[in-house]
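1. What follows is a protein structure lacking sequence information:
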């Protein structure tokens with residue numbers, strides 16, 4: 001399916017187990033679609049910061065980057081898929097993912113994501129992506145008991 005140079009599967013990554021599963025699914029699909037993988041993390045200031053100036057020592061960007069890096073490590077260990085790139089940027093997660101999915105082959109997200117750090121929520125993100133992404137969206141369901149079926 002094409003030469004794969006421009007084909008990309010965008011994956012929403014917030015560090016949750018759902019986003020680790022999304023990365024693994026993208027890695028399974030990428031060879032079939034002749035696509036690379038773009039792991040996208042987004043962060044915004046927690047709601048209690050609204051109305052306040054951002055402080056240079058907030059480090060939310062570093063936390064978001066670490067969550068993406070940790071998810072990649074958990075998903076793939078040291079054996080990262082060929083054609084993998086990562087992007088971590090400030091912005092409302094659905095908006096960031098939808099922006100990066102322009103021209104993408106597919107967008108992969110978990111149904112529910114991280115609940116611990118509110119600036120990285122992926123809960124309502126999946127429904128926003130389904131409604132507005134300009135490419136097909138794969139939403140992974142939650143797995144009962146936390147165990148993924150093989151096969």
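-> Perfect, thanks for sending it. What you are looking at is a predicted structure, and each value in this text was computed from that prediction instead of being measured.
2. C-alpha from now on. contacts and neighbour counts both.
-> Noted.
3. Check the residue positioned nearest the centre of the chain and give its pLDDT.
-> Centrality entry for the chain: nearest residue to the mean C-alpha point is residue 12, 1.4 Å, by CA atoms, centre = their mean. Note on residue 12: pLDDT of 95.
4. Packing partners of the strand or helix carrying residue 27?
-> Assigning secondary structure by DSSP states H and E places residue 27 in helix 17-33. Contact partners of helix 17-33 among helices and strands, from 3 or more CA pairs under 8 Å, 6 or more residues apart in numbering; DSSP states H and E: strand 8-12, strand 36-43, helix 60-76, strand 106-110, strand 137-140.
5. will you turn those into a markdown table that also has distance to residue 82?
-> Listed next are those as a markdown table, based on distance: least, CA to CA, whole Å:
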| stretch | distance to residue 82 |
| --- | --- |
| strand 8-12 | 12 |
| strand 36-43 | 7 |
| helix 60-76 | 11 |
| strand 106-110 | 17 |
| strand 137-140 | 21 |
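6. Lovely, talk soon.
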